[in-house]
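**Student:** need a structure here:
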Amino acid sequence: MTDASTKPRAGATAPGTGRAARELAWGPSLLMAAALVALLSLTWLLSGDLVAHADPFAVAAGRAGTSCVGLSLLAAARRTTRRPALEVVRSRPRAVAALGALGVFGYSMASVWAIGLIGAATTNVVLALLPCVTFVLGLWLFRERPGMTALVGTCVAAAAAVAYGLLDRGSGFGVRGGVTPTRALVGVLAAVAAMVSMALYAHFYGKLAPDVSSVVALPSVFAAGALMLLLPALARNSFGHLTLVQWGQILLLGCGVYVPAYVIQHELFLRRGALFTTSVSLAVPFTVRFCTWGLGKAARPSLLATALLLTCCVGVFLTMARSGTRAPRS
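**Tutor:** Down below sits the predicted model:
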């Protein structure tokens with residue numbers, strides 16, 4: 001995924017200076033983590049009705065496409081990011097294609113397939129194990145050593161999220177009624193595939209542009225993934241079933257919510273690593289649960305849900321405290 005050439009890329013900072021300075025300060029990282037949780041929770045709240053009434057393939061492709069447009073406009077808005085964004089495409093086309101296939105196409109296709117087979121509840125329970133898979137892959141493939149405290153924190157946070165998904169609804173796994181064992185197995189495997197795709201993507205993203213702003217790197221990655229998603233959506237004639245209101249919702253979500261969420265998420269990948277970022281995202285289901293209660297759309301969270309939320313927060317804190325900073329790359 002990396003080039004053999006040592007020639008500095010456009011928009012890159014000197015090794016050990018810009019990025020290292022960013023990593024030493026925890027304050028901005030914590031603020032970005034809070035903003036990421038808020039934005040991702042907002043996507044859940046705003047997209048629930050859209051996903052329930054629109055073709056999921058159209059939603060996935062439309063979200064990726066509108067996010068790509070928004071990210072491209074953001075990069076083109078400044079001269080300092082316009083040319084480096086084009087340079088990423090020219091200098092690393094294979095890396096861009098691989099990241100688009102993993103983090104945009106692979107994750108979206110597998111998760112949409114899983115939701116269609118076994119429902120969103122079970123899919124989200126499986127995806128709650130993402131930090132654990134991220135930890136294992138980092139240890140196995142990338143020789144990362146976050147430490148025992150980070151491992152314990154990751155397992156505690158993931159276990160709390162899984163328990164919340166299983167118990168708070170009071171319906172076990174939440175697999176749709178009438179689903180055959182084979183269908184359930186395929187759905188769970190699809191959710192696992194989505195989880196592994198995102199974990200690999202989170203690790204490999206830093207290989208593409210470790211010293212380049214996310215605003216510079218993301219347009220090309222999402223363009224590649226959006227093109228891949230466009231093919232199955234067109235083959236299914238998914239877009240033909242969308243109304244003007246649904247197109248407006250997709251545009252609002254893609255450009256207005258997902259663009260800042262993706263920029264912050266990928267900046268955290270660079271600042272604090274994959275394990276930290278995926279662990280922080282575990283707070284999203286709990287935030288959504290309490291927001292729906294505050295909006296009067298759901299009953300008051302049970303004591304069990306509150307206890308699991310606090311347990312998840314403790315686990316995330318342990319992971320944050322010991323994940324440390326990522327070593328600057330030369």
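
**Student:** Tell me how many other residues crowd residue 35.
**Tutor:** When neighbours are counted by other Cβ atoms under 10 Å, residue 35 registers 15. All C-beta atoms are positioned from the backbone trio N, CA, C, and that covers glycine.

**Student:** That one and residue 264 touch, don't they?
**Tutor:** Yes: in this structure, residue 35 is within contact of residue 264 by Cβ atoms under 8 Å, at 5.6 Å.

**Student:** Flag the helix or strand of the protein with the lowest per-element mean pLDDT.
**Tutor:** Least confident element among the helices and strands of the chain, by mean pLDDT, DSSP states H and E: helix 18-24 (a mean of 48).

**Student:** Against which helices or strands is whichever helix or strand comes after that one packed?
**Tutor:** Under the assignment DSSP states H and E, the closest C-terminal helix or strand after helix 18-24 is helix 26-53. On a contact count with 3 or more Cβ pairs under 8 Å, 6 or more residues apart in numbering; DSSP states H and E, helix 26-53 meets helix 56-76, helix 244-251, helix 259-272, helix 274-280, helix 283-294.

**Student:** Report the contact partners of residue 238.
**Tutor:** Counting by Cβ atoms under 8 Å, 6 or more residues apart in numbering, residue 238 makes contact with 55, 57-58, 61, 232.

**Student:** Kindly recompute the last result at 6 Å.
**Tutor:** With contact set as Cβ atoms under 6 Å, 6 or more residues apart in numbering, residue 238 has these partners: 55, 57-58.

**Student:** quick one on the thing from earlier: for residue 50, which of the helices and strands packed on helix 26-53 is the nearest?
**Tutor:** With Cβ to Cβ as the measure, helix 244-251 is the member of these nearest residue 50 (4.9 Å).

**Student:** What is the distance between that closest one and the centre of its chain?
**Tutor:** 22 Å (Cα atoms, centre = their mean, to the nearest Å).

**Student:** returning to that earlier point: please tabulate the contacts of residue 238 in TSV and include pLDDT, distance to residue 246 and neighbour count as additional columns.
**Tutor:** Listed next are those as TSV, based on pLDDT from 0 to 100; distance: Cβ to Cβ, whole Å; neighbours: other Cβ atoms under 10 Å:
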residue	pLDDT	distance to residue 246	neighbour count
55	83	9	20
57	83	13	23
58	88	8	23
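
**Student:** Return the most buried member of the helices and strands packed on helix 26-53.
**Tutor:** helix 274-280 (a mean of 28; mean count of other Cβ atoms under 10 Å).

**Student:** what's next to it, contact-wise?
**Tutor:** 33, 130-131, 134-135, 146, 154, 157, 202-203, 268-269, 316, 319, 323.

**Student:** so how far is it from its chain's centroid?
**Tutor:** 10 Å.

**Student:** Kindly report the same for stretch 247-255.
**Tutor:** Centroid separation for stretch 247-255 versus its chain: 18 Å, with Cα atoms, centre = their mean.

**Student:** what's the first-to-last distance across it?
**Tutor:** The first residue of stretch 247-255 is 12 Å away from its last residue (Cα to Cα, to the nearest Å).

**Student:** which residues are in contact with it?
**Tutor:** Contact partners of stretch 247-255, identified using Cβ under 6 Å, 6+ apart, comprise 47, 50, 62-63, 66-67, 70.

**Student:** mean confidence score for that stretch?
**Tutor:** What stretch 247-255 shows for mean pLDDT is 90.

**Student:** hang on, the earlier thing: which two of the contacts of stretch 247-255 lie the greatest distance from each other?
**Tutor:** In the contacts of stretch 247-255, two members sit farther apart than any others by Cβ to Cβ. They are 50 and 70, at 17.1 Å.
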